[in-house]
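Participant: based on what follows, work out the 3D shape:
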Amino acid sequence: MITYDNEDLLPPKGEFVKNHIKNIRMFNGCTDEAGFILMHVAIETQSNKLIQGHLQMFDGARNRDRDLMNKGMELHLKTMQDMH
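Facilitator: Reported below is the predicted structural model:
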């Protein structure tokens, strides 16, 4: 069994994603395809943080807890910036 943390799939700061991990299956094998697939893999590794942020926002709204809602909004914004 392979175990890893989602953060392990991200390249170090300043390194392009395709130099950090490699595809094991491709359709035609061109470098553009590899970059396209691997960029989306790196983006998707962050989607769990978006969900966490949304849950915090919803809980904050439900409980009228502005601090919790703000924390969720901050996590959402930071994650979107990381994805970008």
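Participant: okay, buried residues for stretch 39-57 please.
Facilitator: Ala42, Thr45, Gln46, Lys49, Gly53, Gln56, Met57 (16 or more other C-beta atoms under 10 Å). Just so you know, the C-beta spots here come from the backbone N, C-alpha and C atoms, and that holds for glycine as well.
Participant: just send those residues back as TSV, with distance to Lys71 too.
Facilitator: Listed next are these as TSV, based on distance: C-beta to C-beta, whole Å:
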residue	distance to Lys71
Ala42	25
Thr45	21
Gln46	17
Lys49	12
Gly53	8
Gln56	5
Met57	9
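Participant: sitting in helices, which of those do you find?
Facilitator: Within these, residues falling in helices by DSSP state H are Ala42, Lys49, Gly53, Gln56, Met57.
Participant: wouldn't the fourth one be in contact with Arg66 here?
Facilitator: No. Assessed by C-beta atoms under 8 Å, Gln56 is found out of contact with Arg66, at 11.7 Å.
Participant: just give the closest residue to Thr79, not the sequence neighbours.
Facilitator: Using C-beta to C-beta, 6 or more residues apart in numbering and skipping residues adjacent in sequence, the residue nearest Thr79 is Lys49, 4.2 Å away.
Participant: so where does Asn23 fall, helix or strand?
Facilitator: Under the criterion of DSSP states H and E, Asn23 resides outside all helices and strands.
Participant: tell me who's in contact with it.
Facilitator: Applying C-beta atoms under 8 Å, 6 or more residues apart in numbering to Asn23 gives the contacts Glu33, Ala34, Ile37, Leu38.
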